[in-house]
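need the 3D shape of this:
(one chain, ligands or ions: 2)
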Amino acid sequence: MNAKQRAQELFERHYGALPEGVAAAPGRVNLIGDHTDYVGGFVFPAALRLNTAIAYRRSAESNRVCAVSEALADKVDFGLRQEGVSGWGGYLAGIAWALLEAGFELSGLELAVASDVPTASGLSSSAALEVAMARAWRTVDELELDDVNLAKLCQRAENAYVGVPSGILDQFASSVPAVGQAIILDCRSLDYQVIAIPADWTFVIVDSGASRQLAGSAYEQRVKECAEVARQLHLRALRDLQAEQLLKLDGDLLKRARHVYGENQRVLEAASAMKAADIVAFGRLMSASHASLRDNYEVSSPTLDRLVEAALAFEGCYGARLTGAGFGGSTVQLLKRGSEDAFGAYLEERVPSARLVARI
Ligand code: ADP
Ligand code: MG
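Residues are numbered from 1 along each chain as shown. Ligands and ions are numbered 1, 2, ... in the order given. From the prediction side, this is the model:
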């Protein structure tokens with residue numbers, strides 16, 4: 001059963017009634033361009049075929065939201081204007097807060113959540129939950145909200161309500177592109193271009209088995225370091241850094257800036273490589289990205305490094321890198337279509353904690 005069917009079934013079991021509808025949104029994988037979103041740079045994600053689904057029905061109590069999730073034992077119950085909801089309900093309460101703040105009127109809802117997006121694996125289960133929640137309210141309350149603005153509101157919910165200072169990448173990639181397409185996004189202007197993934201390429205996502213906790217981790221420290229470089233060099237954001245300005249930096253700040261500068265260039269080159277169907281060039285850029293995340297940005301882990309090294313030793317793997325924030329989570333590999341199964345078996349044998357979780 002897919003996530004939508006399971007959400008519907010969970011709803012019927014829990015509330016003893018049929019839902020009015022089921023909203024869904026996909027997880028995403030970032031093919032290249034990590035830690036460039038919150039500095040206003042370029043990213044290159046694709047939507048997964050894995051979804052988070054929310055079955056919904058208007059509640060008899062107009063100002064309350066209650067929710068159950070297949071994945072979690074704790075139930076959620078909060079008032080629409082309630083502040084400080086913690087735990088997973090915070091993602092739902094955050095969406096209510098952001099929509100109300102934007103001037104929309106919302107109904108109270110009863111919800112049941114089911115998901116195929118693994119949690120805290122770098123595939124953005126939080127954005128999938130937020131976008132699915134916002135889509136449910138968009139339908140129920142007939143909100144005039146396009147996909148780009150919906151993504152922005154979801155980001156605001158995660159930043160200001162949940163308290164994770166993430167960029168727009170996750171919510172945008174969950175809200176805007178169609179499945180099977182890659183999308184190059186300028187995180188400052190939100191200009192984007194959809195690029196078809198060549199038919200004989202396939203991206204394989206491998207969960208390293210090492211989970212991570214984003215809020216409160218070194219992620220926030222990296223965001224601060226990037227802001228500090230921008231402050232020292234009088235830049236609007238680190239995205240505006242020119243190569244010669246690297247000479248003015250040293251220590252950790254130099255390493256962080258080097259990563260951001262190089263990664264932005266790599267995303268632009270990767271978009272050209274995909275348009276030209278140049279699998280060798282695209283793969284090389286992915287591997288260079290991993291090296292920079294490991295050495296300059298210092299967000300890799302021994303398991304992720306081992307996975308990437310093993311992947312690259314597989315004949316027919318063109319590129320490999322950690323994807324998402326790092327510190328554990330997943331890697332993404334570029335293969336020629338048809339070698340996915342052999343690759344999955346090969347990798348799971350070499351790194352026992354690894355599991356092939358998705359393919360595009
Ligand atoms: P990710 O990389 O998966 O987005 P995060 O730490 O940002 O990792 O978000 C994971 C959190 O999102 C979970 O701890 C939980 O609070 C919430 N979440 C995601 N999916 C679900 C779900 N299906 N049901 C309930 N909560 C979920
Ligand atoms: Mg997240």
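
mind listing the strands the longest strand anywhere in the chain pairs with, and their directions?
As assigned by DSSP state E, the longest strand anywhere in the chain is strand 42-58. Here strand 42-58 is paired, per DSSP bridges, with strand 21-32 (antiparallel), strand 109-115 (antiparallel), strand 181-186 (antiparallel).

between these, which one is nearest to residue 175?
Proximity to residue 175 (CB to CB) singles out strand 21-32 among the strands paired with strand 42-58, at 6.9 Å. Any C-beta I mention is one placed from the backbone N, CA and C, and that applies to glycine too.

what comes up buried for the closest one?
22, 23, 24, 25, 26, 27, 28, 29, 30, 31, 32 (16 or more other CB atoms under 10 Å).

save those residues as a markdown table, and put in distance to ligand 1 and pLDDT too.
Supplementary listing: those in a markdown table, determined by distance: CB to the nearest ligand atom, whole Å; pLDDT from 0 to 100:
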| residue | distance to ligand 1 | pLDDT |
| --- | --- | --- |
| 22 | 14 | 98 |
| 23 | 13 | 98 |
| 24 | 11 | 97 |
| 25 | 11 | 96 |
| 26 | 12 | 94 |
| 27 | 7 | 93 |
| 28 | 9 | 93 |
| 29 | 11 | 94 |
| 30 | 11 | 95 |
| 31 | 16 | 97 |
| 32 | 17 | 97 |
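
any part of the lowest-mean-pLDDT helix or strand in the chain near ligand 1?
Ranking every helix and strand in the chain by mean pLDDT, DSSP states H and E puts strand 355-359 at the bottom, with a mean of 87. No. Applying CB under 6 Å from any ligand atom, one finds strand 355-359 out of contact with ligand 1, separated by at least 11.6 Å.

which helices and strands sit right next to that strand?
Strand 355-359 sits against strand 42-58, strand 201-207, helix 340-350, with contacts defined as 3 or more CB pairs under 8 Å, 6 or more residues apart in numbering; DSSP states H and E.

state the next helix or strand along the chain beyond the longest strand of the chain.
As assigned by DSSP states H and E, the chain's next helix or strand after strand 42-58 is strand 64-69.

buried residues, that following strand. List them.
65, 66, 67, 68, 69.

from those, which is closest to ligand 1?
Ligand 1 lies nearest to residue 69 out of those, by CB to the nearest ligand atom, at 3.4 Å.

OK, contacts around the closest residue to the closest one other than its chain neighbours?
Sequence neighbours aside, residue 113 is the residue nearest to residue 69 in space, at 4.1 Å (criterion: CB to CB, 6 or more residues apart in numbering). Contacts for residue 113 were tallied using CB atoms under 8 Å, 6 or more residues apart in numbering; they are 7, 10, 52, 53, 54, 67, 68, 69, 70, 71, 129, 132.

one more time with 7 Å
7, 52, 54, 67, 69, 70, 129 (CB atoms under 7 Å, 6 or more residues apart in numbering).

beta partners of it?
residue 54, residue 69.

how far away is it from ligand 2?
15 Å (CB to the ion, to the nearest Å).

next one, pLDDT for that residue please.
What the model reports for residue 113 is a pLDDT of 98.

next one: residue 163
You'll see residue 163 listed with a pLDDT of 93.

tell me how many other residues crowd residue 195.
By the criterion of other CB atoms under 10 Å, residue 195 has 18 neighbours.

looking at the stretch 51-200 of the chain, what residue ends up closest to ligand 2?
Closest approach between the stretch 51-200 of the chain and ligand 2, counting by CB to the ion: residue 126, at 3.3 Å.

I'd say that residue and residue 158 touch.
Yes. Using CB atoms under 7 Å, residue 126 makes contact with residue 158 at a distance of 6.4 Å.

now do the buried residues in the top helix by length along the chain.
Longest helix in the chain by number of residues (criterion: DSSP state H): helix 251-275. Across helix 251-275, burial judged by 16+ other CB under 10 Å covers 252-253, 255-264, 266-267, 269-271, 273-274.

ok, stretch 98-106 next?
Buried, per 16+ other CB under 10 Å, within stretch 98-106: 98, 99, 104, 106.

what of stretch 111-119?
For stretch 111-119, a neighbour-count test (16+ other CB under 10 Å) marks 111, 112, 113, 114, 115, 116, 117, 118, 119 as buried.

does residue 4 touch residue 53 like I think?
Yes. If you go by CB under 7 Å, residue 4 and residue 53 touch, sitting 4.3 Å apart.

partners of residue 206 in the sheet?
residue 331, residue 356.

contacting residues around it?
307, 330, 331, 333, 347, 354, 355, 356, 357.

go on, residue 170?
Counting by CB under 7 Å, 6+ apart, residue 170 touches 28, 124, 127.

surely residue 181 touches residue 192?
No. In this structure, residue 181 is not within contact of residue 192 by CB under 7 Å, at 10.7 Å.

and for these two, which residues touch both?
Residues touching both residue 181 and residue 192 by CB under 7 Å, 6+ apart: none at all.

quick one, which of those two is more surrounded?
Using other CB under 10 Å as the criterion, residue 181 and residue 192 rank with residue 192 on top: 18 against 14.

quick one, what contacts that one?
Counting by CB under 7 Å, 6+ apart, residue 192 makes contact with 176, 183, 184, 185, 186.

include neighbour count, distance to ligand 1 and pLDDT when you put the residues you listed into CSV, please.
Shown next, in CSV, are the contacts of residue 192 (neighbours: other CB atoms under 10 Å; distance: CB to the nearest ligand atom, whole Å; pLDDT from 0 to 100):
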residue, neighbour count, distance to ligand 1, pLDDT
176, 21, 17, 92
183, 21, 18, 93
184, 23, 21, 96
185, 26, 18, 96
186, 16, 22, 96
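
just those now: which is nearest residue 287?
Closest to residue 287, out of all of those and judged by CB to CB, is residue 184, at 19.1 Å.
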